[in-house]
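**Q** build the 3D model from these lines:
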Amino acid sequence: APRTRSGAPLPATGAVAADITAALLDLDASYLAVHGPPGTGKTHTAAQVIASLIGDHGWRVGVVAQAHAVVENLFAGILAAGVDGTRVAKKLNSGNGGWTDITNPQFADFIAGHDGCVVGGTAWDFASATKVPAGSLDLLVVEEAGQFSLANTIAVARAARNLLLLGDPQQLPQVSQGTHPEPVDGSALAWLVDGHHTLPPERGYFLDRSYRMHPEVCRGVSRLSYDNRLRSHADVTAARRLDGVEPGVRTLAVDHRGNATDSLEEAAAIVAALRDLLGTAWTDEDGTRPLGQRDVLIVTPYNAQVVLLRAHLDAAGYDDVRVGTVDKFQGQQAPVVFLSMTASSIDDVPRGIAFLLNRNRLNVAVSRAKYLAVIVRSAQLTDYLPGTPDRLVELGAFLSLSTCDTPAG
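**A** Below you'll find the model as predicted:
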């Protein structure tokens, strides 16, 4: 558990941003973790917390992530929370969103020259004594800590008195990985979650309300990846409606044989389903309009199926429907999501069934959906006897994700 000056349990008033802020102020050269599943407002909450620490308490804060775009996304939230751009700084990347551009030698002077500021960068910036002096920050925020290695976390921790680990270990692991011995080969947040699906309450905060997913979608995702602790913020999500279409996670069963990394049958079934869905009245918090092509995401595990789907979609005039592998859509969302599983049976899966039914990959794919997620697959894909307890649990989790089967045709 985090070490605090008061020795008291973490604040739990229900006002999440205020609780996190109070907990951070009480840290005694320690850490705090925030586990934020998809659509729970993790970035917004973090921006509110950082704005309070800077404006009300004069803290010097760092934000580190694997990619500059992740830092800049949080910076946009910090500026929206009212922090002046002269107090927010990072190296110039592709563009500037209203913060201050600094060069490598200017990090130390910027931090020293402000009572209350935030600087951002990658692990290289915060691990280097020539950029950010050791202990010069009150807090270092590790954004997307579920994808940030424990080894890198140890390397950057030198920059600050305290750490805030922010992310979701139930999504995809880091794309680029070094080779480290256990346990530093995993992510920082996964190490704290320690084999559970959600963060233990004594180690920090679990954001348990999704503003993205309809309750019927959220129920399946919560069961799959979050120990049934994640709930939909029904005041926001329950009013969403696609005329004549029930919300939730559905299975569209397609008959095919011998497919491995591409499936003509699944591509054709998805195009046929789109013909029925597109143009249907879609109601959300912004009003009612026809469901458009940009309101649909199609996710698949294999690049070969991406190419095939793209060709079928373009031929049908659906050029604006987005299609890609699951890693391309982490962070995106749409009213309707299709997941094309592609392989016909366990014998056809080229990288093993554990890859195809990986809980993290399924979570990222299905949790993109605001209203409807459709798993398109062969009925034979799950027709096998698992050889180990882990494979049995994996199969059961996949089967319990969907509420009903609908044969294509």
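**Q** helix or strand with the lowest mean pLDDT in this structure?
**A** Least confident helix or strand, the chain: strand 404-407 with a mean of 56, by mean pLDDT, DSSP states H and E.
**Q** where does Leu164 land in three-state SS?
**A** Here Leu164 takes the strand state, with states given by DSSP: H, G, I helix; E, B strand; the rest coil.
**Q** repeat that for Pro335.
**A** In three-state terms, and counting by three-state DSSP, Pro335 is strand.
**Q** what's the distance between it and Arg294?
**A** Pro335 sits at a distance of 10 Å from Arg294 (criterion: CB to CB, to the nearest Å). Heads up, the C-betas are built off the backbone N, CA and C, glycines and all.
**Q** between these two, which is the more surrounded one?
**A** Neighbours of Pro335 and Arg294, each counted by other CB atoms under 10 Å, are more numerous for Pro335; the result is 24 against 11.
**Q** now do the strands in the stretch 151-300 of the chain.
**A** All strands of the stretch 151-300 of the chain, identified by DSSP state E, counting those that start in this stretch, fall at 160-167, 204-206, 209-210, 231-232, 241-242, 248-253, 281-284, 287-290, 296-300.
**Q** and the stretch 1-150 of the chain, by the same measure?
**A** In the stretch 1-150 of the chain, strands defined by DSSP E, counting those that start in this stretch lie at 31-35, 60-64, 88-90, 100-101, 117-121, 137-143, listed in chain order.
**Q** same list, the ones you listed, but as a markdown table with distance to Ser367 and mean neighbour count please.
**A** Formatted as a markdown table, those follow (distance: least, CB to CB, whole Å; neighbours: other CB atoms under 10 Å):
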| stretch | distance to Ser367 | mean neighbour count |
| --- | --- | --- |
| strand 31-35 | 14 | 26 |
| strand 60-64 | 24 | 27 |
| strand 88-90 | 29 | 24 |
| strand 100-101 | 35 | 14 |
| strand 117-121 | 26 | 28 |
| strand 137-143 | 19 | 25 |
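**Q** identify whichever of the strands of the stretch 151-300 of the chain lies nearest to Pro38.
**A** Of all the strands of the stretch 151-300 of the chain, strand 209-210 sits nearest to Pro38, with 6.6 Å by CB to CB.
**Q** now do that closest one: which elements does it pack against?
**A** Taking 3 or more CB pairs under 8 Å, 6 or more residues apart in numbering; DSSP states H and E as contact, the helices and strands that strand 209-210 lies on are strand 231-232.
**Q** what comes up buried for stretch 16-34?
**A** Applying a neighbour-count criterion of 16 or more other CB atoms under 10 Å, one finds 16-17, 19-27, 30-34 buried in stretch 16-34.
**Q** any chance you could list what contacts it?
**A** Around stretch 16-34, the neighbours that count as contacts under CB atoms under 8 Å, 6 or more residues apart in numbering are 2-6, 8, 10-13, 42, 45-46, 48-49, 52-53, 57, 139, 145, 161-167, 189, 192, 199, 203-205, 207.
**Q** likewise stretch 110-118?
**A** Under the contact criterion CB under 8 Å, 6+ apart, stretch 110-118 has outside partners 50, 53-55, 57-63, 75, 78, 83, 87-89, 100, 102, 119, 132-133, 136-137.
**Q** distance check, the residue sitting furthest away from the middle of the chain against Ala365.
**A** Summary for the chain: using CA atoms, centre = their mean, the residue whose C-alpha lies farthest from the chain's mean C-alpha position is Gly113, with a distance of 34.7 Å. In this structure, Gly113 and Ala365 are separated by 46 Å, where distance is defined by CB to CB.
**Q** equivalent analysis for Ala129, please.
**A** 42 Å.
**Q** one more: Asp383?
**A** Distance of Asp383 to Ala365, computed by CB to CB: 22 Å.
**Q** which one of those two has more residues nearby?
**A** Legend: neighbour count by other CB under 10 Å for Asp383 and Ala365, higher for Ala365 (25 against 9).
**Q** where does the stretch 301-409 of the chain have low pLDDT?
**A** Across the stretch 301-409 of the chain, the ranges flagged by pLDDT under 70 are 403-409.
**Q** all helices for it, in order.
**A** Taking DSSP state H, counting those that start in this stretch as the test, the helices found in the stretch 301-409 of the chain are 303-315, 353-356, 359-366, 389-401.
**Q** for the strands of the stretch 1-150 of the chain, could you give me CSV that also reports distance to Gly244 and mean pLDDT?
**A** Compiled in CSV, the strands of the stretch 1-150 of the chain are given as follows (distance: least, CB to CB, whole Å; pLDDT from 0 to 100):
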stretch, distance to Gly244, mean pLDDT
strand 31-35, 37, 96
strand 60-64, 45, 97
strand 88-90, 47, 94
strand 100-101, 51, 92
strand 117-121, 46, 96
strand 137-143, 40, 97
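**Q** quick one: low-confidence ranges for the stretch 51-200 of the chain?
**A** For the stretch 51-200 of the chain, counting by pLDDT under 70, the residues that fall below are 174-185.
**Q** switch to 50 and redo it
**A** For the stretch 51-200 of the chain, applying pLDDT under 50 flags the ranges 175-177, 180-181.
**Q** residue boundaries of the helices in it?
**A** Taking DSSP H, counting those that start in this stretch as the criterion, the stretch 51-200 of the chain carries its helices at 68-80, 107-112, 123-127, 150-156, 188-193.
**Q** pick the most deeply packed of these.
**A** Burial among the helices of the stretch 51-200 of the chain, expressed as mean neighbours by mean count of other CB atoms under 10 Å, is greatest for helix 188-193, which shows a mean of 24.
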